[in-house]
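Q: My questions are about this predicted structure, shown below with the sequence.
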Amino acid sequence: MNTIKKFLGLIWMILGPVAMTFLFIQAVEKVGLTHTDIERTNTMLQWGIILFIFLPISLGLMIFGFYAWRGEYDHLPQNSEEI
Amino acid sequence: MSETLPKNNIFKVIGASSLGTLIEWYDFYIFGSLAVIIGHQLFPEDAGASALINTLAIFAAGFIVRPFGALVFGRLGDLIGRKYTFLLTLVLMGGSTFLIGLIPSYKSIGYAAPVLVLILRLVQGLALGGEYGGAATYVAEHAPKNKRGFFTSWIQTTATLGLFLSLGVIVITKNILGAETFGDWGWRIPFLLSILLVVVSIYIRMKMHESPMFSKLKAEGNVSKNPLKESFNNKANFKMVLLALFGATMGQGVIWYTGQFYAQSFLENTCKLDFNDSRYILLWGIAFATPFFVIFGAWSDKVGRKWIMLSGMLLGIVFYRPIYQAFLDDTDFSKVEQSDILSAKTAPSSAVLIANTADSLRTITTKVQLKNGASYSVVKTDTVSVQQGIRSGTEIVKDKVLPTPIFWKFVGLIFFQILLVTMVYGPIAAFLVELFPTKIRYTSMSLPYHIGNGVFGGLVPFIATLIASFSGSTPLSGLWYPIGIATLSLIIGTIYLSNKKDESIND
């Protein structure tokens, strides 16, 4: 199980930037499809919110993956004293 | 200490904590439940679907700032205590909700209206970010050994009961005032009513004592000097924050908000169900499912938290698409035969001039009653042009009222979704409390909870509606967001979480 945890860590590390790239491409595409100024402002606002909040989360997923790869989750604390 | 607390005292603790949390959820949810009406009030009349999406964006903004509220008030709670911190959050929440009820419409003050509501919505989000972690921590720190899941699950019911209360107040107010008056100004009443509820709750909370574990920590001089630093700069603790987020609260959040919010939005906006019908369905579903929060919370004390929560996620992943397909199929009246129709009454047409032209829009509404008890309205909008005559426009079927058997089938489908909510949400407070030590518990548990629920969960209606509006998408496309997030969380939770039951949180 620890080996699976470790190698899945690589996937989480890759998934963070992949997800952000996907969202960024979507944002550019959807803003490009707008026809009027107000529609463009609305679309940029919506995608701006999405990018703003998911950027730190994807960074968190990368750190989580890094910890998993380093074997930090091989043993979980059994009580709060271990933290 | 907590182990020797008399039974009637623990129920006082639960009651006082839950009432305040219930009111905060009520305040938070009335905005979402009234999104369509508020959209008409805050934005120009011709904004159409973008008004709904922008209102949902304001609604979502309240969710997005919840993690920041968790940091600000979580820090305060770990520094000055649980009791005074969640008294403060209650005042902020009640005050901002009351003020939303007083904001003039777009017609009166233009774009200042959505801007002011956005600011108040942000205050609501910050307050809620501080409230929940405090209430859960406070109850858990009073709970007897081996009953932490059971006792904290009462706090968990408040989120659903807050939605129940908000829907109930909205339906009653609308029925008393009538649809037109409610859409005009009556929607403000549920917001204004909040101030009374908050005053009662503050009075009750003022009588509460500080958590025994925090008091002990304070007496020993062991209160954290810098909870934020100790929570997130300590790798051993930070890695647990990340695990709690990606392995539990992220999936739990999307299951919760799909079952309770996206379901309502889908029934009303995609299936075009009647306003009252969609809310009655949700009210019944919630009423039947709410006791299961306590059942799953108590069960988690015996079998552990992990597998109950992850089973809820798995069932959501498997059943969401069939459930929402059934919603679509059963509200599809396009294949109604002439022989199925009991009556069809067309109301006198109304016409509105199109700005800067000599043309006008003519609306013809036909109310159709079927033999099986269902009814719906067909609204046809034509353009009447001076030069080109009448140009036939679109036909919209809306205000669908379901026949009784289908109504109860929908109640069953909503009940099932909320049952999944009770599985993922019932044990989560105990699960989070047990992950972190007392002196940084408020801060540490609040952040993953509010990112999972506020960001991942709270954005379900917004992102799912956005995905469904893409060209080439189907009405079910929006479900890929909660399904994808729940799948990721299920995999991480299954592999990385342990099913431990921490018996001591007094450290």
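A: Structure received. As the structure is a prediction and not an experimental result, all values here were calculated from the model.

Q: burial count for B:Arg305?
A: Number of residues near B:Arg305 (other C-beta atoms under 10 Å in any protein chain shown) recorded here: 29. (Glycine included, C-beta is placed from N, CA and C.)

Q: quick one, phi psi at it?
A: B:Arg305 adopts backbone torsions of phi -90, psi -30, taken as degrees, to the nearest 10.

Q: mind listing what B:Lys272 touches?
A: Contact analysis of B:Lys272 by C-beta atoms under 8 Å, 6 or more residues apart in numbering or on different chains lists B:331, B:376, B:396-400.

Q: Kindly give a single ChimeraX line that selects the buried subset of those.
A: Selection of the buried residues among the contacts of B:Lys272 in ChimeraX, burial being defined by 16 or more other C-beta atoms under 10 Å in any protein chain shown:
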select /B:331,376,397,398,399,400
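
Q: Let me know how buried B:Thr365 is, in neighbour terms.
A: Residues near B:Thr365, counting by other C-beta under 10 Å: 18.

Q: would it count as being in a strand?
A: Yes: counting by DSSP: H, G, I helix; E, B strand; the rest coil, B:Thr365 is located in a strand.

Q: measure it to chain A for me?
A: Relative to chain A, B:Thr365 is positioned 29 Å away (criterion: C-beta to the nearest C-beta, to the nearest Å).

Q: isn't there a helix covering A:Gln26?
A: Yes: looking at A:Gln26 with three-state DSSP, it is inside a helix.

Q: hang on, the earlier thing: quick one: which two of the contacts of B:Lys272 are the most distant?
A: The span of the contacts of B:Lys272, defined through C-beta to C-beta, is set by B:Thr331 and B:Ile396 at 13.3 Å.

Q: and which of the contacts of B:Lys272 is nearest chain A?
A: B:Ile396 (21.4 Å; C-beta to the nearest C-beta).

Q: pretty sure the closest one is touching B:Tyr376, no?
A: No: judged on C-beta atoms under 8 Å, B:Ile396 makes no contact with B:Tyr376 at a distance of 10.1 Å.

Q: Which of the helices or strands spans the residue nearest to B:Gly458 when sequence neighbours are not counted?
A: Take B:Gly458 and drop its neighbours on the chain: the residue closest to it by C-beta to C-beta, 6 or more residues apart in numbering or on different chains is B:Phe63, 2.6 Å away. Element membership of B:Phe63, judged by DSSP states H and E, is helix B:49-64.

Q: what residues does the helix or strand following that helix touch?
A: Downstream of helix B:49-64, the first helix or strand assigned by DSSP H and E is helix B:66-80. Contacts made with helix B:66-80 from outside it, assessed by C-beta under 8 Å, 6+ apart, are listed as B:85-86, B:88-89, B:125-131, B:133-134, B:137, B:223-224, B:227-228, B:439-447, B:449-451, B:453-455, B:458.

Q: Just the helices from chain A, written as ranges.
A: Per DSSP state H, chain A carries helices over the ranges A:2-32, A:37-69.

Q: Make CSV from those helices and add mean neighbour count to it.
A: Shown next, in CSV, are these (neighbours: other C-beta atoms under 10 Å in any protein chain shown):
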stretch, mean neighbour count
helix A:2-32, 15
helix A:37-69, 17
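
Q: Sheet-wise, list the partners of the particular helix or strand that has B:Lys380 in it with their directions.
A: Using DSSP H and E, B:Lys380 sits in strand B:375-385. The pairing partners recorded for strand B:375-385 under DSSP bridges are strand B:360-370 (antiparallel), strand B:389-391 (antiparallel), strand B:395-401 (antiparallel).

Q: okay, now the residue of the stretch 301-450 of chain B found nearest chain A: neighbour count?
A: As assessed by C-beta to the nearest C-beta, chain A sits closest to B:Pro437 within the stretch 301-450 of chain B, at 4.1 Å. Residues within reach of B:Pro437, counting by other C-beta under 10 Å, total 21.

Q: how about it, phi and psi?
A: According to degrees, to the nearest 10, B:Pro437 has phi -70, psi 160.

Q: Looking at it now. What's its pLDDT?
A: Looking at B:Pro437, its pLDDT reads 80.

Q: just to revisit the earlier point, could you list which of the contacts of helix B:66-80 belong to helices?
A: B:85-86, B:88-89, B:125-131, B:133-134, B:137, B:227-228, B:441-447, B:449-450.

Q: Quick one: buried ones out of those residues?
A: Looks like these have B:85-86, B:88-89, B:125-131, B:133-134, B:137, B:227-228, B:441-447, B:449-450 buried, using 16+ other C-beta under 10 Å.

Q: Settle this for me: B:Asp246 is touching A:Phe64, isn't it.
A: Small correction: residue B:246 is Phe, not Asp. Yes: contact status for B:Phe246 versus A:Phe64: in contact at 5.6 Å, counting by C-beta under 8 Å.

Q: who touches both of those two?
A: Counting by C-beta under 8 Å, 6+ apart, the residues touching both B:Phe246 and A:Phe64 are A:Trp12.

Q: Now the phi/psi pair for B:Ser334, please.
A: phi -70, psi -20.

Q: Flag every residue of chain A that's near chain B.
A: A:1, A:4-5, A:8, A:12, A:30, A:33, A:38-39, A:42, A:45-46, A:49-50, A:53, A:57, A:60-61, A:63-64, A:67-68, A:72-73, A:76-83 (C-beta under 8 Å from any C-beta of the partner chain).

Q: Next, the contact list for the closest residue to chain A within the stretch 51-200 of chain B, please.
A: Here the stretch 51-200 of chain B gets closest to chain A at one residue, B:Ile64, 5.4 Å apart by C-beta to the nearest C-beta. Counting by C-beta under 8 Å, 6+ apart, B:Ile64 makes contact with A:49, A:53, B:125, B:454-455, B:458-459.

Q: cool, and B:Ile189?
A: Contact analysis of B:Ile189 by C-beta under 8 Å, 6+ apart lists B:101, B:169, B:173, B:177.

Q: Give me the local confidence score for the residue nearest to the third one when sequence neighbours are not counted.
A: It refers to B:Thr173. Nearest residue to B:Thr173, sequence neighbours excluded (C-beta to C-beta, 6+ apart): B:Ile189, at 5.0 Å. B:Ile189 is assigned 94 on the pLDDT scale.

Q: A:Ala68 is in contact with A:Lys6, correct?
A: Yes: with contact defined as C-beta under 8 Å, A:Lys6 counts as touching A:Ala68 (6.5 Å).

Q: in chain B, what spans have low per-residue confidence?
A: Counting by pLDDT under 70, the ranges of chain B that qualify are B:1-8, B:45-53, B:355-356, B:500-507.

Q: so what's the nearest residue to B:Glu395 once chain neighbours are set aside bridging to?
A: Nearest residue to B:Glu395, sequence neighbours excluded (C-beta to C-beta, 6+ apart): B:Lys380, at 4.8 Å. Using DSSP bridges, the beta-bridge partners of B:Lys380 come out as B:Ile364, B:Glu395.

Q: now B:Lys380: how far from B:Gly389?
A: 16 Å (C-beta to C-beta, to the nearest Å).

Q: touching chain A at all, stretch B:420-431?
A: No: using C-beta under 8 Å from any C-beta, stretch B:420-431 stays clear of chain A, with a minimum separation of 12.7 Å.

Q: what's the straight distance from one end of that stretch to the other?
A: Taking C-alpha to C-alpha, to the nearest Å, the first and last residues of stretch B:420-431 lie 17 Å apart.

Q: For burial, what's the neighbour tally of B:Asn222?
A: Using other C-beta under 10 Å as the criterion, B:Asn222 is surrounded by 10 other residues.
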